[in-house]
Structure formats: C-alpha cells, structure tokens
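Novice: Make a model of this:
(chains A and B)
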Amino acid sequence: MSPLLRALPIFSAIYAVLYVIAMYFNIAMFVLYPQTGVWSWHDVPGQRGPAMYWYGWIANAAIGAAIISVLLAYLPALQRRIAATGAWLLPLLSMATVLFIIRSWFIR
Amino acid sequence: MITTLLIIHGLLAVTLLGALTHQTMALWWPARAGHSVASSFRGVRSQIYTHTIIVLFALTGIIGSILYPTYRIAVRPILEQLRMNAANGIFEFKEHLVAIGLGLLPAYWYYWRQPLAPEYAFVRRMLTSLLAFIVWWGFLTGHILNNIRGFGL
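Specialist: The predicted model follows:
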C-alpha cells in the first residue's frame, strides 16, 4: 500500500485537532466579509458587516493536516500508533472540545 | 438562487441521512432474521453505502458552505437581536461539526475499502457513528432554524 494512502487516517485525526486550534485561536488563512463579498488574506478594518473565518480555519487545518500526515506516513511505527484509534478518537475529542469552547451560547 | 440551493441542500441531506442511518443501524444492530420493517431497515449490506455517503456529505457540505454567508447576514443577526442564544449555539456547533466531518471522510473511506479488514470493525463503527451524529445534528438544526417561528422559541 502506498504511503500516501496510509496517510488518510492520520489526516483525519490531525485535521480535527488543527481545526479546533485554528478555531480557538482564530488562525484563519483568509477571511470573508459576506455583506460586501470581499475575501481577504487578513482582517480589513472598516468593512461593513461581520467577518467569517470558518473557511480560513478549514483551509489551514486541511493544509496543515496534509503536510503532517504525509510526513508521518513515512514513519510507519508512529503512524500505526496514531492511525486506527486516532482517526475516530481525536475527532470525537475535538467535537467535545468545540462544544466546551462555545458553551456560552447555551448557558448565558 | 439561494432558495433553490437551500432546497437542494435539504434534499441531499435527507438522502445522506437515510444512507448513514441505514449503515449505522446495520453496524450496531445487525438484523438476525425476520421480515419486519425494523429488521429490513437494519438488514442492508452496509458497505455499498460508503461511496454514496462520501459524495453526498461532500456535496451537502459544499452547498451548505455556499449558503452560509446568506445565513450569516440575513438570519443570525435576527436571532441575536431576539436573544435566541441557544438557537445560535446549535448552528455554531453544526458549523464546526460539519467542518470536522469533512475531515473525517478520508479515514472513513480508508477503513471501508474492500475487502473489509475485520480488525477495523470497531473503527468503522465509530467513524460511521460520528458521521451519523454530525448529519443528524445538522439536519435537525437546519429544520429547527428554518421553522423557528413555528417552534415558539
């Protein structure tokens, strides 16, 4: 099996963690201002309406996970340790972490 | 245009929901025998749903991401003005779940490849269940927000 194919479960595990980090620290590759339809690599002061960072978080997580998972695919021992359990456990923990981060919507 | 996309998004979500629920039920509660509706629902060859689920999840997510800016400027401010924090919260959670779900698809595809590896049966169960939870949450959230006036919240 090719190393790139073996990287897929690692990608899913790492991506979920990186997404939560990107979301929590607001590390977005780009930002969208839906009111004006402006996309930007960084915040643009004075734009009308809200800013959307969601797409930028996904892009950062996907690129970061792709790089890390391809590198780990060439380290079979470490890859085996993370792959099967990490592929579902890390996303599950990430989902719980996200819920904890946004808990103020439900308890205030 | 947005209304058309919203309807397509909903129809794709219903199809995805059905496929994932069949697959999840067949994994956790396989049908032994009998010809009841419940056992027929669970008695499917779960592996045949995999590619359809991946395509449907990706398509539904992509269309949802096209619709999202409209929600952000047309719906969310109203919910904020009305102090419907829980309604906003369930959508926030949906947004993050879908993002994590998109990232789950590579692992889901990997562990559902044919021939199925018996040692990964539990991993398949967990990945499928996570996707099912994400899709159910997204579907119910969409319906609650779409019909929020009818809920009297």
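
Novice: so where is chain B shaky, pLDDT-wise?
Specialist: Across chain B, the ranges flagged by pLDDT under 70 are B:33-34, B:41-43, B:149-153.

Novice: quick one, what contacts the residue of it found nearest chain A?
Specialist: Residue nearest to chain A within chain B: B:Gly89 (2.7 Å; Cβ to the nearest Cβ). For the C-beta atoms, the positions are set from N, CA and C on the backbone; glycine is no exception. Residues near B:Gly89 by Cβ atoms under 8 Å, 6 or more residues apart in numbering or on different chains: A:Ile102, A:Trp105, A:Phe106.

Novice: Which helix or which strand is home to the last one?
Specialist: Here A:Phe106 is covered by helix A:104-107, with elements defined by DSSP states H and E.

Novice: Stretch B:130-148 near chain A at all?
Specialist: Yes: Stretch B:130-148 comes into contact with chain A (Cβ under 8 Å from any Cβ of the partner chain), by way of B:Leu130.

Novice: Using CSV, write out the CA atom coordinates for that stretch.
Specialist: Provided in CSV are the C-alpha atoms of stretch B:130-148 (Å, rounded to 0.1, in the frame of the first residue of the first chain):
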residue,chain,number,x,y,z
LEU,B,130,-19.6,10.1,14.3
LEU,B,131,-20.7,11.0,10.7
ALA,B,132,-24.3,9.9,11.5
PHE,B,133,-24.3,12.1,14.6
ILE,B,134,-22.9,15.0,12.6
VAL,B,135,-25.5,14.6,9.9
TRP,B,136,-28.4,14.2,12.3
TRP,B,137,-27.3,17.2,14.3
GLY,B,138,-27.0,19.3,11.1
PHE,B,139,-30.3,18.1,9.8
LEU,B,140,-32.3,18.8,12.9
THR,B,141,-30.6,22.1,13.4
GLY,B,142,-31.4,23.2,9.9
HIS,B,143,-35.1,22.3,10.4
ILE,B,144,-35.3,24.0,13.8
LEU,B,145,-33.8,27.2,12.5
ASN,B,146,-35.9,27.1,9.3
ASN,B,147,-39.1,26.7,11.3
ILE,B,148,-38.1,28.5,14.4
